[in-house]
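Novice: Quick check, what structure comes out for this input:
(chains A, B and C)
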Amino acid sequence: MSDLGKYAPLTYFQLMEVSLRELLVEKGVVTDAEVDAVAADMKSRGPERGAKVVARAWTDAAYKARLLADGTAACEELGLDVPALRLVVVENTPEVHNVIVCTLCSCYPRMLLGLPPDWYKSRAYRSRVVREPRAVLAEFGTALPEEVAIRVHDSTADMRYLVLPMRPAGTEGWSEQRLARLVTRDSMIGVAPAQAA
Amino acid sequence: MAVEARFRPGERVRVMKAYPLGHVRTPYYVRGASGVIERVCGAFPNPEELAQMRSGLPAQPLYRVRFAQSEVWPDYRGARADTIDVEIFQHWLDKA
Amino acid sequence: MIERGHHDMGGLPAGRVERTEHDYADWERRVDALMMLLSGVKGARKLLTVDELRKNIEALGPEAYDAMSYYERWVSSITQSMIQRGVITTEELARKMVEVERRGG
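Specialist: Model (predicted):
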């Protein structure tokens, strides 16, 4: 509880968080230890698990096929802890570029990528990427020629999405670990490609 | 126990042009648009009912429906091959 | 006006995407954790569903929705859900909030 010093006034919502949590602990619904443990677990999650999945798919064609057929099973195959995740993996090719959004709220494959960035949850992204994906991608520095079709995925119900970016050129013979380091969060959301440089 | 899936991948469907109250996961921008079933995701409890603290059962078939962007936005200025895939529950869909 | 929820924003005009990222505060992470625990993503409790959370966020109204941050929307909606479900009462919440405020956090 490092941000709750006696001398700092709480906002209304911070007051609500403390109050709700204390009531739930008093009633035996949750414990402080559980809340801290779950918070710490999410804090420890960055995009590494997603990157591991991508790097495996880049180096193992049969795994990639399984991943595209059943994303969740393929993650579990690698021993990844992904509770409640129903994953659809969409593959970037020279002809198709995928990008993910949740227009209605901010659904995101958090178990694979950690908590989403603010911009993913912003009004501007949620409103515009479905309607003018090319312009939004350009704002991220990603320019795609007309010959590449853009496929937007709106995460409106129970599925969650991960983009399988194209493997950068010049990475032949690289180990999975080395490849995984090229796989950024933004490439798995689809606003940027994975790059070797 | 689930409602039977009526549509198959490749079938053309149209989203109901309705604007009901309550919690809905069919976005406004696809209501009335026609698209093609990309896959059957499975059957899931109805979120409209779950939101109201009811069970949402029997589970409803959920589909990924692929729409041409030019079908969804009359002024779409990207490539003709650009698409948008949206997860939509069966009860929002009719055969197109 | 109510035929389109304020949250249902796909396709509406908006400005540039500001590529902001912030380090989540501890209280925000605790709200997130509470949601995972109460909804059964972590542990065996099933005291609310994510759709109840979403419904309550959608019910905030446009002004509140826009003025509140992401986790402010979450904490108020989780709290509403707990009241709706009868896990806590409004009176319990009121007394607790007064108590917490009095002791300075």
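Novice: mind listing what the residue nearest the centre of chain A touches?
Specialist: Centroid-nearest residue in chain A, with CA atoms, centre = their mean: residue A:113, separated by 3.9 Å. Residue A:113 makes contact with A:45-47, A:49-50, A:162, A:185, A:188-189, according to CB atoms under 8 Å, 6 or more residues apart in numbering or on different chains. No exception for glycine: its C-beta is placed from N, CA and C like everyone else's.
Novice: Let me know the secondary structure of the most far-flung residue of chain C relative to its centre.
Specialist: Most distant from the centre of chain C: residue C:16, at 25.7 Å, with distances by CA atoms, centre = their mean. At residue C:16 the chain is in coil, as set by DSSP: H, G, I helix; E, B strand; the rest coil.
Novice: Give me the pLDDT for residue A:5.
Specialist: You'll see residue A:5 listed with a pLDDT of 45.
Novice: what about chain C, any weak spots by pLDDT?
Specialist: Within chain C, the stretches with pLDDT under 70 are C:105.
Novice: In it, where's the longest helix?
Specialist: helix C:70-84 (DSSP state H).
Novice: who does the next helix or strand after it touch, helix- and strand-wise?
Specialist: Once helix C:70-84 ends, the next helix or strand along the chain (criterion: DSSP states H and E) is helix C:90-102. Helices and strands touching helix C:90-102, by 3 or more CB pairs under 8 Å, 6 or more residues apart in numbering or on different chains; DSSP states H and E, are helix A:12-26, helix C:70-84.
Novice: between these, which one is nearest to chain B?
Specialist: Among the helices and strands packed on helix C:90-102, the nearest to chain B by CB to the nearest CB is helix C:70-84 (6.9 Å).
Novice: Any residue of the closest one touching chain A?
Specialist: Yes. Using CB under 8 Å from any CB of the partner chain, helix C:70-84 reaches chain A at C:70-72, C:75-76, C:78-79, C:82.
Novice: out of these, which are buried?
Specialist: C:70-72, C:75-76, C:78-79, C:82 (16 or more other CB atoms under 10 Å in any protein chain shown).
Novice: and those residues, which two are the farthest apart?
Specialist: The distance between the two most remote of those (CB to CB) is 19.0 Å, for C:70 and C:82.
Novice: Chain C contacts on chain B?
Specialist: By CB under 8 Å from any CB, the residues of chain B that approach chain C are B:19, B:21-24, B:27-29, B:47-48, B:50-53, B:56, B:72-73.
Novice: One more pass at 10 Å, please.
Specialist: B:18-31, B:45-56, B:72-73, B:84, B:86 (CB under 10 Å from any CB of the partner chain).
Novice: Grab the nearest non-local neighbour of the residue nearest the centre of chain C.
Specialist: Nearest to the mean C-alpha position of chain C, counting by CA atoms, centre = their mean, stands residue C:74 at 1.4 Å. Leaving aside its sequence neighbours, residue C:74 sits nearest to residue C:31 (CB to CB, 6 or more residues apart in numbering or on different chains; 5.2 Å).
Novice: Show me where chain A has its helices.
Specialist: Counting by DSSP H, one finds helices in chain A at the ranges A:12-26, A:32-44, A:48-59, A:61-69, A:71-77, A:110-113, A:123-128, A:133-139, A:176-180, A:185-189.
Novice: now do chain B
Specialist: Using DSSP H, helices in chain B cover B:47-50, B:69-72.
Novice: give me the number of residues near the nearest residue to residue B:93 once chain neighbours are set aside?
Specialist: Spatially, and ignoring its direct neighbours in sequence, residue B:93 is nearest to residue B:13 (4.4 Å; CB to CB, 6+ apart). As a burial measure, residue B:13 scores 20 neighbours (other CB atoms under 10 Å in any protein chain shown).
Novice: Residue B:13 touches residue B:88, doesn't it?
Specialist: Yes. At 8.2 Å, residue B:13 counts as touching residue B:88 under the criterion of CB atoms under 10 Å.
Novice: so what sits against both of the two?
Specialist: Counting by CB atoms under 10 Å, 6 or more residues apart in numbering or on different chains, the shared contacts of residue B:13 and residue B:88 are B:35, B:37, B:63, B:65.
Novice: for chain B, what are the nearby residues on chain C?
Specialist: With the criterion set to CB under 10 Å from any CB, chain C comes near chain B through C:2-5, C:7-12, C:48-59, C:81, C:84-85.
Novice: Give me the ChimeraX select line for the residues you listed, limited to the buried ones.
Specialist: The ChimeraX command for the buried members of those (criterion: 16+ other CB under 10 Å) is given here:
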select /C:5,7,8,9,10,11,12,48,49,50,51,52,53,54,55,56,57,58,59,81
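Novice: got the contact list for residue B:39?
Specialist: A:88, A:159, B:8-10, B:62-66, B:85, B:87 are the contacts of residue B:39 under CB under 10 Å, 6+ apart.
Novice: Kindly apply the preceding question to residue B:50 instead.
Specialist: B:23, B:44, B:56-57, C:48-52, C:54-55.
Novice: Now distance to residue C:27 too, for the buried ones among the residues of helix C:70-84 next to chain A, in TSV please.
Specialist: Listed next are those as TSV, based on distance: CB to CB, whole Å:
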residue	distance to residue C:27
C:70	12
C:71	8
C:72	10
C:75	8
C:76	13
C:78	13
C:79	13
C:82	17
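Novice: ok, so of these, who is nearest residue A:125?
Specialist: For these, the residue nearest residue A:125 by CB to CB is residue C:70; the value is 12.8 Å.
Novice: just checking, the closest one touches residue A:118?
Specialist: Yes. Using CB under 10 Å, residue C:70 is in contact with residue A:118, at 7.8 Å.
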